[in-house]
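Sequence and computational prediction follow.
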Amino acid sequence: MKKIIVCMLCICIALAGCGKEKNVVKEKKQKEVLHLITKGKDLILKNLISQKIVNKYKLGKKQCAGSIIELDKGYCVQIYEANRELKNQVIQGAVVEDTPDESEIVKASIKFFDKKLRETDTVDVTKLAKERKNEELLMTSYTVSPDGTKIAWDTGEKILCYNKETKKFTKYNQITKKDITAENIIFAGNNKLAFYGTKGESEEDTCYGYFDLKNRKIYTFIEKKYEAFSLNADARYVWINDGENPNTKTASGKVPVVDTKTGKNHLVHLDGIESAKARISEDGKYMIAVSQTDEKSFRVRQYDIKNEKMLKEKKYDFHKSVHVSDMISINNGKSYGIIYSTDQGDKLEEFKLR
């Protein structure tokens, strides 16, 4: 079991814009794109179009927030409560989180909110862990189905899936039966779990695919000499991004994609570093890729997936340093919002598909 301080540091990095989980809501007629973050003791819901704060949720003095997951009808947030007051500090304008270690955690929960950040439900993970006599649930990363009805934890030997409606757990060991060690799992739709990891003793290759919770069938694929960094999914497609090599300032240029409707995979080839920040369009026809080679600009391209031909390119230049953190579908999939962080917080640029 990883120590809580390591887990919380990873969570802070994720909330800063490098995480694997999405935390925004699709816009309505290009008038609002909602973005949920933590800042100090507050959960803040912001409209990236108007730059106005829509709502705030204040945490208790002994509480801190973990990972945030976007749902179809809102959000869910992991909340930890310590046995002491947590005092965040501001150093040179940046908030330094006071995170409790494992021995200080007295309660872990997952809170559910609607699209306006109004609390709708709470799952007491501490209580569930005691009932199942499985303390791993407290510190293990989790994923939630888009409809908010299922919560899944990968405990190593098996995946535990909790149904909020029936209040029952189901155990799945199909991934480990295939000699696969999953490094990350997320829901692809409401009844499939996407994953990537390693198979057998090979550490140079990436094994990826998805597991169907209904028929318990698993679909696996291997990408040779490929190191995955983040796992992404929508209602139909699963895709993987690799990471930037700090020495060469580039990436593999390869984006593995799985179509969960057909059960087939294919590999999309991009221009080097683009594979670190790329996503498939909702209709599966295009790949949208972001390339950032300097601090004050980034480039966005649209590719036709069938022939890998570039259809459109646009460069965005700024006067100050920026960092691209996420890319989301807006305007019913006709545009994609590029979320980037600045010293004034997160902002958004729209990239319209050709």
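Nice, thanks for sending it over.

who are the neighbours in contact with the residue lying farthest from the centre of the chain?
In terms of distance from the mean C-alpha position of the chain, residue 84 ranks first, at 29.6 Å (Cα atoms, centre = their mean). Residue 84 is in contact with 62, 100, 104, counting by Cβ atoms under 8 Å, 6 or more residues apart in numbering. C-betas here are computed from N, CA, C, even on glycine.

please redo it, this time with the cut-off set to 7 Å
Shown in contact with residue 84 (Cβ atoms under 7 Å, 6 or more residues apart in numbering): 62, 104.

Look up how far residue 340 lies from it.
Distance, residue 84 to residue 340, using Cβ to Cβ, to the nearest Å: 36 Å.

I'd assumed the residue farthest from the centre of the chain was in a helix, is it?
No: Residue 84 is assigned coil when assessed by DSSP: H, G, I helix; E, B strand; the rest coil, not a helix.

So for it, what's the pLDDT?
Confidence at residue 84, expressed as pLDDT, is 96.

Same check on residue 134?
87.

In which helix or strand does it reside?
For residue 134, there is no helix or strand it lies in under DSSP states H and E.

Next: residue 127.
With DSSP H and E as the criterion, residue 127 is inside helix 125-132.

after that helix, next one along is what?
The C-terminal neighbour of helix 125-132 among helices and strands, as given by DSSP H and E, is helix 136-139.

can you pull up the bridge partners for residue 45?
Beta-bridge pairing of residue 45 under DSSP bridges involves residue 36, residue 55.

ok, and what's touching the helix holding residue 127?
With Cβ under 7 Å, 6+ apart, helix 125-132 has contacts from 107, 108, 109, 110, 135, 137, 138, 162, 169.

Name the residues of it that come out as buried.
Across helix 125-132, burial judged by 16 or more other Cβ atoms under 10 Å covers 125, 126, 128, 129.

From residue 88, how far off is the first one?
Separation of residue 125 from residue 88 (Cβ to Cβ): 23 Å.

where along the stretch 101-250 of the chain do the strands fall?
For the stretch 101-250 of the chain, applying DSSP state E, counting those that start in this stretch gives strands covering 105-114, 119-124, 142-144, 150-154, 159-163, 168-172, 180-187, 192-199, 206-212, 218-223, 228-233, 237-242.

can I get these in TSV with mean neighbour count, mean pLDDT and distance to residue 92?
Output for the strands of the stretch 101-250 of the chain, formatted as TSV (neighbours: other Cβ atoms under 10 Å; pLDDT from 0 to 100; distance: least, Cβ to Cβ, whole Å):
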stretch	mean neighbour count	mean pLDDT	distance to residue 92
strand 105-114	18	96	29
strand 119-124	14	97	33
strand 142-144	25	97	33
strand 150-154	23	97	37
strand 159-163	19	96	41
strand 168-172	14	96	45
strand 180-187	20	96	32
strand 192-199	22	97	36
strand 206-212	24	97	38
strand 218-223	17	97	41
strand 228-233	20	97	28
strand 237-242	24	98	31
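
Looking at those strands, which is nearest to residue 313?
Closest approach to residue 313 among those is made by strand 237-242 (19.5 Å; Cβ to Cβ).

Contacts for the following helix or strand past that closest one next, please.
Under the assignment DSSP H and E, the closest C-terminal helix or strand after strand 237-242 is strand 254-259. By Cβ under 7 Å, 6+ apart, the residues outside strand 254-259 that reach it are 208-210, 221, 223, 226, 236-241, 265-270, 275, 278, 280, 284, 287.

quick one: the residue farthest from the centre of the chain from residue 290, how far?
Per Cβ to Cβ, residue 84 is found 41 Å from residue 290.

show me the contacts for residue 335.
Residue 335 is in contact with 350, 351, 352, 353, counting by Cβ under 7 Å, 6+ apart.

in the sheet, who's paired with it?
Beta bridges link residue 335 to residue 330, residue 352 when assigned by DSSP bridges.

Ok, residue 111 next?
Bridge pairing for residue 111 - DSSP bridges - gives residue 77, residue 122.

so it touches residue 78, yeah?
No: the pair formed by residue 111 and residue 78 falls short of the contact definition of Cβ atoms under 7 Å, at 8.1 Å.

Neighbour-wise, which one of the contacts of residue 335 leads?
residue 351 (19 neighbours; other Cβ atoms under 10 Å).

mind listing what it touches?
So residue 351 contacts 288, 300, 314, 335, 336, 338 (Cβ under 7 Å, 6+ apart).

Look up how far residue 340 lies from it.
To residue 340, residue 351 is 12 Å away according to Cβ to Cβ.

Looks like residue 236 contacts residue 262 (just checking).
No: applying Cβ under 7 Å as the test, residue 236 and residue 262 come out as separate, 9.4 Å apart.

what about the two, which has more around it?
Taking neighbours as other Cβ under 10 Å, residue 236 and residue 262 compare with residue 236 leading, 17 against 10.

Chain neighbours aside, what residue packs nearest to residue 74?
Leaving aside its chain neighbours, residue 74 sits nearest to residue 114 (4.3 Å; criterion: Cβ to Cβ, 6 or more residues apart in numbering).

Please look at the one you found and residue 71 and confirm they touch.
No: assessed by Cβ under 7 Å, residue 114 is found out of contact with residue 71, at 9.3 Å.

Just confirm residue 261 is within a helix.
No: read with three-state DSSP, residue 261 is coil and lies in no helix.
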